[in-house]
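Peer 1: The following comprises the amino acid sequence and a computationally predicted model.
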Amino acid sequence: MAWNKSGSSWPNWNPNNSWGSWSDSHKNSWDQSQPESKWDQTKPSASITQTPVPSDFQADEEFLDNREKYGYKLHRKVQPTNWSRKRQLAGRPVEDISIVDITKNGWEEHALRVLSQGSFVTPVWARSTSEAVFAAGLFKKIREKKYNIDAIAERIWADSNTPPPSKHEHAIDFMTPLVDKIMSLLDELHPVAQDCTALKKIQSLEAENARFRAKGVVLTPEKHTTTGEKPGEANSEPGSSVHPAKKRKVQLLEVDAIHHPKQALEDPPSATTDKAMQQWLENIKKHMDKEKASQLDKYVKQVVEHHKGLKSKDLGDLRALAIKWGLPYNLAEKASNKSLSQIVAAAALQAA
């Protein structure tokens, strides 16, 4: 709807026009027993006052407020973008934009009917389609289940043995613990952001490994020693009575061995849940003798313990390492610290 210069979106109302005449002819149809304080529903408001611009705004020809707040200035007219052009908002004065212009469904928006009843409605500003769809879906489910949001928030405050702030005077503070609980769930589900350059290199390595496997080429990793000697030098001193192969059986790989992937897993796990990982490890042990299977259990436990408490910012390195060992990227993105550690440990031991 467009506002006229007087700040009203109604045409200049004249009691002599057809609307006014209609009102006059129906005056007697209104129940005169109603209290005088009741709004006269036969007449539109005489004027609608437009919300004034705050006095501290620094206006000029281009901006209603040329001060930058949260990274934005307040333009007088909507700037041309793909979205504003599509919605036919580009170039229009900001004060002329009505709520119908920015709702997804226009006049079909259900909230407009609620508004027309005089019931409470308020916009919740979304910055992307995903945010808008998620919020709308969440609110819909909450209404369907008839959840009392205030009661849930009050319960969280009660569980913490802390008196809640006023939900009227400090509404944001009142709801913060509930919001934090929802965010903790989203944190668990949110994939860790990865550096784009590193990700491309990882995907390139993954594709290269796949091409080698398709040609039947097996890449063997460098043998990693625990005492600093060069490969082939261990236990080579004259008179040694311990057979090198037997000595290696009782030695556990160092954790650092997982950082030298050259042979991708031939049979990576199909899922990274705790149950799926346990089954995957059991399947690997079926193809090992008893001593090697025991060594696998010990080494996996050692690597998992080594990475326990790894910070989120470092988890990307472990994820990239698992991908280099042959874990598909879509699984690595969702895998937990523990699962990633199990995968690189099992892969390193198998390749040793």
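Peer 2: Done, it's in.
Peer 1: The longest strand along the chain pairs with which strands, parallel or anti?
Peer 2: In the chain, assigned by DSSP state E, the strand with the most residues is strand 63-69. Here strand 63-69 has these sheet partners by DSSP bridges: strand 72-75 (antiparallel).
Peer 1: Give the buried residues for the strand it pairs with.
Peer 2: By neighbour count on 16 or more other C-beta atoms under 10 Å, the buried set for strand 72-75 is L74. The C-beta positions use only the backbone N, C-alpha and C, and glycine is treated the same way.
Peer 1: so where do the helices sit in the stretch 251-352 of the chain?
Peer 2: Assigned by DSSP state H, counting those that start in this stretch, the helices in the stretch 251-352 of the chain fall at 274-285, 290-307, 312-324, 329-332, 337-351.
Peer 1: thinking again about what came up before, pull the residues that contact the longest strand of the chain.
Peer 2: Applying C-beta atoms under 8 Å, 6 or more residues apart in numbering, the contact partners of strand 63-69 are V53, P54, F57, Q58, A59, D60, K73, L74, H75, R76, V94.
Peer 1: what's near enough to touch the second one?
Peer 2: Listed by C-beta under 8 Å, 6+ apart, the contact set of P54 reads D65.
Peer 1: Quick check: which element contains it?
Peer 2: P54 is part of no helix or strand when elements are defined by DSSP states H and E.
Peer 1: So what does P93 look like in phi/psi?
Peer 2: phi -60, psi 140 (degrees, to the nearest 10).
Peer 1: Spatially nearest residue to it, not counting backbone neighbours?
Peer 2: K77 (5.6 Å; C-beta to C-beta, 6 or more residues apart in numbering).
Peer 1: remind me which residues of the stretch 1-150 of the chain are low pLDDT?
Peer 2: Residues of the stretch 1-150 of the chain meeting the criterion pLDDT under 70: 1-49.
Peer 1: Which residue ranges of it form helices?
Peer 2: Secondary structure of the stretch 1-150 of the chain (DSSP H, counting those that start in this stretch): helices located at 18-25, 82-86, 99-102, 110-116, 129-144, 149-159.
Peer 1: Export these as TSV, with columns for mean neighbour count.
Peer 2: Below are the helices of the stretch 1-150 of the chain laid out as TSV (neighbours: other C-beta atoms under 10 Å):
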stretch	mean neighbour count
helix 18-25	12
helix 82-86	11
helix 99-102	14
helix 110-116	12
helix 129-144	11
helix 149-159	13
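Peer 1: Present these as a markdown table; the columns should include distance to V300.
Peer 2: Converted to a markdown table, those look like this (distance: least, C-beta to C-beta, whole Å):
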| stretch | distance to V300 |
| --- | --- |
| helix 18-25 | 81 |
| helix 82-86 | 50 |
| helix 99-102 | 55 |
| helix 110-116 | 54 |
| helix 129-144 | 38 |
| helix 149-159 | 38 |
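Peer 1: now for these, which one comes closest to K286?
Peer 2: Evaluated over those, closeness to K286 peaks at helix 129-144, with 44.0 Å, by C-beta to C-beta.
Peer 1: If you average the pLDDT over stretch 188-200, what comes out?
Peer 2: Stretch 188-200 shows a mean pLDDT of 62.
Peer 1: what does stretch 345-352 give?
Peer 2: In the prediction, stretch 345-352 has an average pLDDT of 80.
Peer 1: Ok, stretch 285-304 next?
Peer 2: Mean predicted lDDT for stretch 285-304 stands at 87.
Peer 1: Can I get that stretch as PDB, trimmed to CA atoms?
Peer 2: Output in PDB follows, covering the C-alpha atoms of stretch 285-304 (Å, rounded to 0.1, in the frame of the first residue of the first chain):
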ATOM      1  CA  LYS A 285      39.200 -58.100  12.900                       C
ATOM      2  CA  LYS A 286      37.500 -61.100  11.300                       C
ATOM      3  CA  HIS A 287      40.300 -61.000   8.700                       C
ATOM      4  CA  MET A 288      43.100 -60.800  11.300                       C
ATOM      5  CA  ASP A 289      44.700 -63.300  13.600                       C
ATOM      6  CA  LYS A 290      44.000 -63.000  17.300                       C
ATOM      7  CA  GLU A 291      47.200 -61.100  18.100                       C
ATOM      8  CA  LYS A 292      46.700 -58.600  15.200                       C
ATOM      9  CA  ALA A 293      43.100 -58.100  16.300                       C
ATOM     10  CA  SER A 294      44.200 -57.400  19.800                       C
ATOM     11  CA  GLN A 295      46.700 -54.900  18.500                       C
ATOM     12  CA  LEU A 296      44.000 -53.200  16.500                       C
ATOM     13  CA  ASP A 297      41.800 -52.800  19.600                       C
ATOM     14  CA  LYS A 298      44.800 -51.300  21.600                       C
ATOM     15  CA  TYR A 299      45.900 -48.900  18.900                       C
ATOM     16  CA  VAL A 300      42.300 -47.600  18.100                       C
ATOM     17  CA  LYS A 301      41.900 -47.000  21.900                       C
ATOM     18  CA  GLN A 302      45.200 -45.200  22.000                       C
ATOM     19  CA  VAL A 303      44.400 -42.900  19.100                       C
ATOM     20  CA  VAL A 304      40.900 -42.100  20.300                       C
END
